[in-house]
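Enquirer: With the sequence up front, the predicted model follows.
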Amino acid sequence: MAKILIVDDSPAETTKLREILQRNKHQTFEAVDGEHGVSCALEVMPDLILMDVVMPGMNGFQATRKLSRTEQTKDIPVVIVSTKDQETDRVWGKRQGAKDYLTKPVDEHELLRIIDQLIS
């Protein structure tokens, strides 16, 4: 069982991800924007973070960059989960420190495969 932080401002997306993760025996934590995601990551120290991009205030790219450059959180893998589906978005997300990039709607099997790969 892994501790996974979901950072997304959409209640529907958060619920969908939570249900997938909890059904597969993962413990979930939630944050509604990038700034809250960063503070929650420092508090919870999750095994992995699922990060939306388009959010009010600090967006997912900014939050990922901050997490990947902060000593306490730099080793926590971040997977961007976004509706932004351009190759430039994928490249930029990985340049900010994301370990992988999924587009919404998320395929459950692909999500679980990536989680297993990153936290094993």
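Expert: Here it is on my side, so go on.
Enquirer: does residue 90 sit in a helix, a strand or a coil?
Expert: Assigned by DSSP: H, G, I helix; E, B strand; the rest coil, the conformation of residue 90 is helix.
Enquirer: I figured it hits residue 101, correct?
Expert: Yes: counting by Cβ atoms under 8 Å, residue 90 sits close enough to residue 101 to count as a contact (4.6 Å). For the C-beta atoms, the positions are set from N, CA and C on the backbone; glycine is no exception.
Enquirer: quick one, which of those two is more surrounded?
Expert: residue 101 (22 against 18; other Cβ atoms under 10 Å).
Enquirer: Secondary structure of the more buried one: a strand, I assume?
Expert: Yes: the assignment for residue 101 is a strand, going by three-state DSSP.
Enquirer: For it, give me the pLDDT.
Expert: Residue 101 carries a pLDDT value of 97.
Enquirer: right, and the secondary structure at residue 94 would be what?
Expert: Residue 94 - assigned by three-state DSSP - is helix.
Enquirer: Can you give me every residue that contacts it?
Expert: Listed by Cβ atoms under 8 Å, 6 or more residues apart in numbering, the contact partners of residue 94 are residue 101.
Enquirer: mind listing the helices for the chain?
Expert: 11-23, 34-44, 60-68, 87-95, 108-119 (DSSP state H).
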